[in-house]
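K.L.:
Just a sequence and a predicted model for now, questions to come.
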Amino acid sequence: MVRLSVLDLSPILEGSDAAQSFRNTLDLARHAERLGYERFWLAEHHNMPGVASAATAVVIGHVAAGTRTIRVGAGGIMLPNHAPLVIAEQFGTLASLFPGRIDLGVGRAPGTDQLTARALRRTLVGDVDRFPQDVVELMAYFHPAQPDQAVRAVPGAGLDVPVWMLGSSTFGAQLAAILGLPYAFASHFAPAQMEEAIHVYRTSFKPSERLQKPHLMLGLNVVAADSDAEAKRLFTSLQQAFLNLRTGRPSPLPPPVDDMDQRLAAFGISPAEQGALAKAVVGGPGTVRQGLRTFVETYRPDEVIVTAQIYDHAARLRSFEITAEAAKALAAEPA
């Protein structure tokens, strides 16, 4: 069976605050570690009332310090928001503190609106069009420093920090293939170009010193509960959050509701038209097991990174537990 990892946005719940979000994040990471998940990644977003992981490297340090074995990383750092040297220093620091456990995923989206992106960069020198050069510069800082090298990442130079390419289109797939990097596709919120991006990555991949053959990770929303009905109700929190974002009203993660279809209909949207969530797996243990089986057999990823935006923290822990149990049951099935 494919390996499972966790993607967390450290969600800020309606009626709560970021401090509680960080406590929940660490508790979830420890839970995932006990359940055997491969990685625990955090995502960079800015000016989002429902996302607490804006200072991504800081939260990664918090999680890594509170766990022992699970890999911890960024899924991802939005590189146009930062100077590559700064990110090399941050992740060189993390890799020095937690050797062998830190991953660095990079993407070219701003992770926010354009006004906030400008506030982050202060000038327009940071540019998505420079993203390929910035990735190459970033990776170069992790090479052993040369005697005549004027600018070095200290710490960072000579450290083994795995760099992943993130993407939601064929651009990232092509760049990952050219650079010989592992590739993570954001199918949990942008599945439209997933199949094309997978094809581009696998057929164009060039081996590198970092990676000899393609390594594909796919994002997947999985909301699991002890029954299909309970899972569908828990899922309405994420549906509301997407609806709020789509209608220009980003919000903290709301509690589940019983009238989601009517809320969607009020905006002229049917449940089937929430294309961003088209690949979500929602249900009880049997439904989740079948959903995982279908997803993995269809797309053949090397890893699946699971995300679950669930309002109730205990229900969220239970969801990841059911998902891990489903993956183990699939692994035990005859080939």
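P.N.:
Received the coordinates, thanks. Residues are numbered from 1 along each chain as shown.

K.L.:
alpha carbons only for contacts and neighbour counts from here, please
P.N.:
OK.

K.L.:
if I've got this straight, residue 99 is in a helix?
P.N.:
No: the assignment for residue 99, made by DSSP: H, G, I helix; E, B strand; the rest coil, is coil rather than a helix.

K.L.:
Do I have it right that residue 252 meets residue 10?
P.N.:
No: proximity of residue 252 to residue 10 does not meet the contact threshold set by Cα atoms under 8 Å, at 11.0 Å.

K.L.:
what do these two both touch?
P.N.:
Common contacts of residue 252 and residue 10 (Cα atoms under 8 Å, 6 or more residues apart in numbering): residue 51.

K.L.:
Same drill for these two, tell me which one is more crowded.
P.N.:
Comparing residue 252 with residue 10 by other Cα atoms under 10 Å, the one with more neighbours is residue 10, at 25 against 21.

K.L.:
Give me the pLDDT for that one.
P.N.:
We have a pLDDT of 96 for residue 10.

K.L.:
Please tell me how far it sits from residue 35.
P.N.:
As judged by Cα to Cα, to the nearest Å, residue 10 and residue 35 stand 19 Å apart.

K.L.:
Also residue 189?
P.N.:
25 Å.

K.L.:
out of the two, which sits in the more crowded spot?
P.N.:
residue 189 (19 against 15).

K.L.:
Would you mind listing the residues in contact with residue 22?
P.N.:
10, 52, 59.

K.L.:
mind running it again at 6 Å?
P.N.:
With contact set as Cα atoms under 6 Å, 6 or more residues apart in numbering, residue 22 has no partners.

K.L.:
Residue 305 now?
P.N.:
4, 5, 6, 219.

K.L.:
Point me to the helix or strand that includes it.
P.N.:
strand 303-307 (DSSP states H and E).

K.L.:
May I see the buried residues of that strand?
P.N.:
By 16 or more other Cα atoms under 10 Å, the buried positions in strand 303-307 come out as 303, 304, 305, 306, 307.

K.L.:
Give me the pLDDT value at the first one.
P.N.:
Among the per-residue scores, residue 303 holds a pLDDT of 97.

K.L.:
Test my guess that it contacts residue 5.
P.N.:
No: using Cα atoms under 6 Å, residue 303 makes no contact with residue 5, being 7.3 Å away.

K.L.:
re earlier: can you tell me which of the contacts of residue 305 are buried?
P.N.:
4, 5, 6, 219.

K.L.:
in the sheet, who's paired with the third one?
P.N.:
So that's residue 6. Note on residue 6: beta-bridge partners by DSSP bridges are residue 40, residue 306.

K.L.:
list the contacts for it?
P.N.:
Residue 6 neighbours (Cα under 6 Å, 6+ apart): 40, 305, 306, 307.

K.L.:
can you rerun that using 10 Å?
P.N.:
28-29, 32-33, 37-42, 72, 75, 219-220, 304-308, 320 (Cα atoms under 10 Å, 6 or more residues apart in numbering).

K.L.:
Which helix or strand in the protein has the lowest average pLDDT?
P.N.:
Lowest on mean pLDDT, DSSP states H and E among the helices and strands of the chain sits helix 114-121, with a mean of 73.

K.L.:
C-terminal to that one, what's the next element?
P.N.:
Using DSSP H and E, the first helix or strand after helix 114-121 is helix 131-141.

K.L.:
Next, the buried residues of stretch 286-304.
P.N.:
Within stretch 286-304, the residues that count as buried by 16+ other Cα under 10 Å are 287-293, 295-296, 301-304.

K.L.:
what distance separates it from the centre of its chain?
P.N.:
17 Å (Cα atoms, centre = their mean, to the nearest Å).

K.L.:
cool, and stretch 319-326?
P.N.:
18 Å.

K.L.:
what about the strands in the chain?
P.N.:
3-8, 39-42, 71-78, 102-107, 163-167, 183-185, 216-224, 281-283, 303-307 (DSSP state E).

K.L.:
Among these, which comes closest to residue 332?
P.N.:
Among these, strand 3-8 comes nearest to residue 332, with 13.6 Å by Cα to Cα.

K.L.:
tell me the angle that closest one makes with strand 303-307.
P.N.:
Angle of strand 3-8 versus strand 303-307, following axes from the mean of the first three to the mean of the last three Cα atoms, to 10 degrees, is 30 degrees.

K.L.:
OK, contacts around residue 229?
P.N.:
With Cα under 10 Å, 6+ apart, residue 229 has these contacts: 235, 282, 283, 284.

K.L.:
Would you format those residues as JSON lines with distance to residue 90, pLDDT and neighbour count included?
P.N.:
JSON lines is the format used below for the contacts of residue 229 (distance: Cα to Cα, whole Å; pLDDT from 0 to 100; neighbours: other Cα atoms under 10 Å):
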{"residue": "235", "distance to residue 90": "35", "pLDDT": "96", "neighbour count": "27"}
{"residue": "282", "distance to residue 90": "36", "pLDDT": "97", "neighbour count": "25"}
{"residue": "283", "distance to residue 90": "39", "pLDDT": "98", "neighbour count": "26"}
{"residue": "284", "distance to residue 90": "40", "pLDDT": "98", "neighbour count": "21"}
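
K.L.:
Can you check the pLDDT for residue 127?
P.N.:
So, for residue 127, pLDDT stands at 60.

K.L.:
same question, residue 2
P.N.:
84.
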